[in-house]
Every structure is written in structure tokens, then in C-alpha cells.
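Trainee: This is a predicted model, with the sequence first.
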Amino acid sequence: MNRFLALGAQPDLEILYQDKAILAVNKPAGLLFHGYTKGLPLPLVDQIKAEVQPYVGVVHRLDRPVSGVALFARNSKIAGRLGEQFQTRTLDKIYLALVEGEPEAERAVLHDVLEAPPSTDRPSKGPQACHLTYVKLKSEGGLSLLAIKLGTGRRHQIRMQLSRRGWPIVGDREYGAKTMIPGTEDLDPRFCPLALHAARLKITHPQTEKELVIQAPLPWYWPSSFLLEAPDIADGPA
């Protein structure tokens with residue numbers, strides 16, 4: 001049985017956290033965040049509208065081939081409060097990336113000026129300064145597991161910055177990866193996952209004003225030697 005996302009297959013909605021104000025789900029790789037295309041599975045936002053509630057406040061997004069924590073507001077007031085945290089970067093969002101190669105430094109800040117390719121709903125803004133911090137968690141068999149914290153939120157930023165240094169993300173043929181996730185070699189390219197996962201999101205709850213940490217387990221298809229049951233990345237980038 002092919003467990004990857006495919007035509008006509010709507011994945012189950014995996015809820016990580018919910019209360020009266022917010023909803024967090026574990027987005028599967030290959031699923032559109034929003035913007036329905038005929039014949040494809042419902043995008044995540046539309047699936048939530050169909051299965052949970054008609055109002056979905058979108059405060060951020062994940063690229064199609066990326067998995068992990070996706071956060072939504074359950075009313076417009078909460079959407080505004082959460083949106084401010086994302087815009088001002090007063091929250092803490094950690095990605096895990098499995099890359100080809102092995103960075104020499106255990107921890108580093110990467111600075112670049114890059115131009116992301118345009119999308120159908122987001123035209124290119126031209127070259128922009130961007131930076132991220134990474135911590136190397138493990139290296140084995142020519143691959144490395146990195147914990148990453150973005151300092152800026154450019155489209156394809158993690159993919160471009162890592163690829164520029166010879167560390168493309170596993171599965172990311174668009175940015176030069178030669179290593180594919182096993183079982184995806186003949187998969188429809190639209191559904192091919194990357195080994196890039198939004199693993200942890202720490203926010204200030206928009207109602208209680210208490211710290212809230214939401215984590216998403218790594219997908220089943222990551223190599224077993226890097227597969228963490230529940231990513232404990234407290235030693236990730238500060």
C-alpha cells in the first residue's frame with residue numbers, strides 16, 4: 001500500500017492541539033495549505049472548514065512539500081493576535097531538516113541575499129536579506145539532521161540557504177538533492193515530500209497569555225536512524 005499522498009486520497013486530519021481560540025494540526029507533506037486545484041485532495045484550510053468549523057483564521061503557512069505544525073485561529077480577533085506574533089517574530093518556531101552532507105560547525109548563523117521563485121499567489125519581491133540559525137543534531141551515512149530557527153521568513157528560505165552551502169534537503173530535487181526519500185522515486189512530483197518538518201511551535205496563548213508549546217512527531221518515512229518519536233529539540237537554536 002502506498003502510504004504517501006496521492007491523487008484522490010484525502011489524508012486524515014491530525015489535530016495536535018485545540019481549544020476555543022486556536023487549532024493546531026500536523027500538516028502532511030504534499031498537501032496544499034490553501035488554494036484548491038480540481039482533482040487534487042482538499043487543501044488543509046478547506047479540510048478544516050469541512051471537518052471542524054467554517055471559520056479558519058490563517059496566520060501563517062507551510063509550503064506544499066513541508067510537513068509539521070500548522071496553527072490556525074478560531075475567530076478573527078484571535079487571528080489578529082496570532083498574526084502579530086508571527087509578524088514580529090515574538091514566537092519560537094523550530095524546523096528539523098535532514099540534509100545531504102555534514103556541516104563542519106555544530107552551530108552557525110547563515111546570512112544570504114536571495115530571491116525566491118514567484119508563486120501563483122506571491123510574486124517575487126526581488127533579492128532580500130535573510131538569515132537562519134542551525135544546530136547540528138546528528139550526522140550519519142552522509143546525511144545530517146539540523147534544527148533550524150528562522151530569523152526572517154522568506155519563501156523557500158531554508159531550502160535555498162542550505163542548498164547554497166552544498167547541503168540540499170533530502171528529497172528536494174528543485175534545489176539539487178540527489179537523495180530521495182525511499183519510495184518516492186516514482187511518486188507524482190506534486191506529492192513528493194521533503195525531509196523538512198515544522199517540529200515545534202512555541203507561542204504566547206492569545207487568550208491566557210501563557211506560554212504554549214506544540215510539537216509534531218516526525219513523519220514515518222524519515223530514515224529510522226533519524227526518526228524521533230516526539231522531537232525534543234530543547235537544545236536547538238536559541
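Mentor: Alright, I've got the coordinates.
Trainee: in what helix or strand does the spatially most central residue of the chain lie?
Mentor: In the chain, the C-alpha nearest the mean C-alpha coordinate belongs to residue 198, at 3.9 Å (C-alpha atoms, centre = their mean). Following DSSP states H and E, one finds residue 198 within strand 196-204.
Trainee: name the helices or strands packed onto the longest helix anywhere in the chain?
Mentor: Secondary structure of the chain read by DSSP state H shows that its longest helix is helix 76-88. Judged by 3 or more C-beta pairs under 8 Å, 6 or more residues apart in numbering; DSSP states H and E, the packing partners of helix 76-88 are strand 57-58, strand 67-73, strand 196-204. Heads up, the C-betas are built off the backbone N, CA and C, glycines and all.
Trainee: Any buried residues in that helix, and which?
Mentor: 78-79, 81-83, 85 (16 or more other C-beta atoms under 10 Å).
Trainee: what lines up beside the helix or strand just after the strand holding residue 198 in the sheet?
Mentor: Once the chain leaves strand 196-204, the next helix or strand it forms, by DSSP H and E, is strand 211-215. Strands that pair with strand 211-215, judged by DSSP bridges, come out as strand 196-204 (antiparallel).
Trainee: Between helix 76-88 and the partner strand, find me the angle.
Mentor: When axes from the mean of the first three to the mean of the last three C-alpha atoms, to 10 degrees is applied, the directions of strand 196-204 and helix 76-88 differ by 110 degrees.
Trainee: So which residues make contact with strand 196-204?
Mentor: Outside of strand 196-204, the residues within contact range by C-beta atoms under 8 Å, 6 or more residues apart in numbering are 24, 27, 62, 65-71, 82, 85, 90-98, 147, 158-159, 169, 172, 210-216, 218-219, 222, 231, 233, 236.
Trainee: all helices of the chain, in order?
Mentor: Applying DSSP H to the chain gives helices spanning 44-51, 76-88, 157-164.
Trainee: on that earlier part again, avg pLDDT for the longest helix of the chain?
Mentor: Confidence for helix 76-88, expressed as mean pLDDT, is 95.
Trainee: Stretch 28-45 too?
Mentor: Mean pLDDT, stretch 28-45: 88.
Trainee: So residue 198 versus residue 18, what's the distance?
Mentor: According to C-beta to C-beta, to the nearest Å, residue 198 and residue 18 sit 17 Å apart.
Trainee: on that earlier part again, could I have the longest helix of the chain exported to PDB, CA atoms only?
Mentor: As requested, the backbone C-alpha atoms of helix 76-88 are provided in PDB (Å, rounded to 0.1, in the frame of the first residue of the first chain):
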ATOM      1  CA  SER A  76     -11.000  37.000  13.700                       C
ATOM      2  CA  LYS A  77      -9.800  38.600  17.000                       C
ATOM      3  CA  ILE A  78      -7.500  35.700  17.800                       C
ATOM      4  CA  ALA A  79      -6.300  35.700  14.200                       C
ATOM      5  CA  GLY A  80      -5.100  39.300  14.700                       C
ATOM      6  CA  ARG A  81      -3.300  38.500  17.900                       C
ATOM      7  CA  LEU A  82      -1.600  35.400  16.500                       C
ATOM      8  CA  GLY A  83      -0.700  37.200  13.200                       C
ATOM      9  CA  GLU A  84       1.100  39.900  15.200                       C
ATOM     10  CA  GLN A  85       3.300  37.200  16.900                       C
ATOM     11  CA  PHE A  86       4.300  35.800  13.500                       C
ATOM     12  CA  GLN A  87       4.900  39.300  12.000                       C
ATOM     13  CA  THR A  88       7.000  40.500  15.000                       C
END
